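**Student:** next come a sequence and a model predicted from it.
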Amino acid sequence: MIRFKGLISIAILVAFFPAHRSSVPIPMATGAGLVHTRQGPFEPTEFLVNTAWTGIIRGEFTMVFVGETGDEVKIVHVGAVRIYAQNYADTQIGRTRYLGQVLTSHKSPLTIEDKRGDILNLKDSSGRKYRFDLRTLKLTEVQKL
């Protein structure tokens, strides 16, 4: 089940995305906001989504998946963010680019709390807070005072 919060005008059918890292076709969305889903364009054994955000960044439709990832051999899961983007030319050939993955050093899944400007405010299950900059794709742990 996918629930939308924000100005999403179409459902993103992430359950039907192939698990290819460099070229994942997606439908072009016309809105932005938080997407409460447990699915993404990858296998759940590779990455488990808690929340996602979609919107326009640097002129491209961008999808940010937040949750946890793990090594299938070691089964060590850590908080993670995965980023995909699609520009107008990409939509013409049905392609989405995998921009990368950012990991925390903690064995605790991440969730999006909110978005303020170009920053996604994240929290892990242990209560640690992070900021993910949508323009620079940098994840920073917020230090407690």
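**Tutor:** Looks like it came in fine.

**Student:** this protein: helices as residue ranges?
**Tutor:** Assigned by DSSP state H, the helices in the chain fall at 88-93.

**Student:** I figured Y98 was touching Y84, is that so?
**Tutor:** Yes: using Cβ atoms under 8 Å, Y98 is in contact with Y84, at 5.8 Å. The way it works is simple: take the backbone N, C-alpha and C, and place the C-beta from them, glycine included.

**Student:** the two: which has the busier surroundings?
**Tutor:** Y84 (24 against 16; other Cβ atoms under 10 Å).

**Student:** shaky segments in this protein?
**Tutor:** Applying pLDDT under 70 to the chain flags the ranges 1-31, 70-76, 145.

**Student:** quick test: name the residue nearest the centre of it.
**Tutor:** Of all residues in the chain, the one closest to the mean position by Cα atoms, centre = their mean is F65, 1.5 Å from it.

**Student:** that one is in contact with R38, isn't it?
**Tutor:** No: judged on Cβ under 8 Å, F65 makes no contact with R38 at a distance of 10.3 Å.

**Student:** anything in contact with each of the two?
**Tutor:** V49 (Cβ atoms under 8 Å, 6 or more residues apart in numbering).

**Student:** circling back: what bridges to the residue nearest to the centre of the chain?
**Tutor:** A52, R82 (DSSP bridges).

**Student:** OK, contacts around it?
**Tutor:** With contact taken as Cβ under 8 Å, 6+ apart, F65 is in contact with G40, F47, V49, A52, V81, R82, I83, Y84.

**Student:** if we use 10 Å, what do you get?
**Tutor:** 14, 35, 37, 39-42, 47-54, 80-84, 101, 110, 112 (Cβ atoms under 10 Å, 6 or more residues apart in numbering).

**Student:** just R131 next, same as before
**Tutor:** R131 neighbours (Cβ under 10 Å, 6+ apart): R116, I119, L120, N121, L122, K138, L139, T140, E141, V142.

**Student:** which of those residues count as buried?
**Tutor:** L120, L122, L139 (16 or more other Cβ atoms under 10 Å).

**Student:** between those residues, which is nearest E60?
**Tutor:** Nearest to E60, judged by Cβ to Cβ, of the buried ones among the contacts of R131 is L120 at 16.2 Å.
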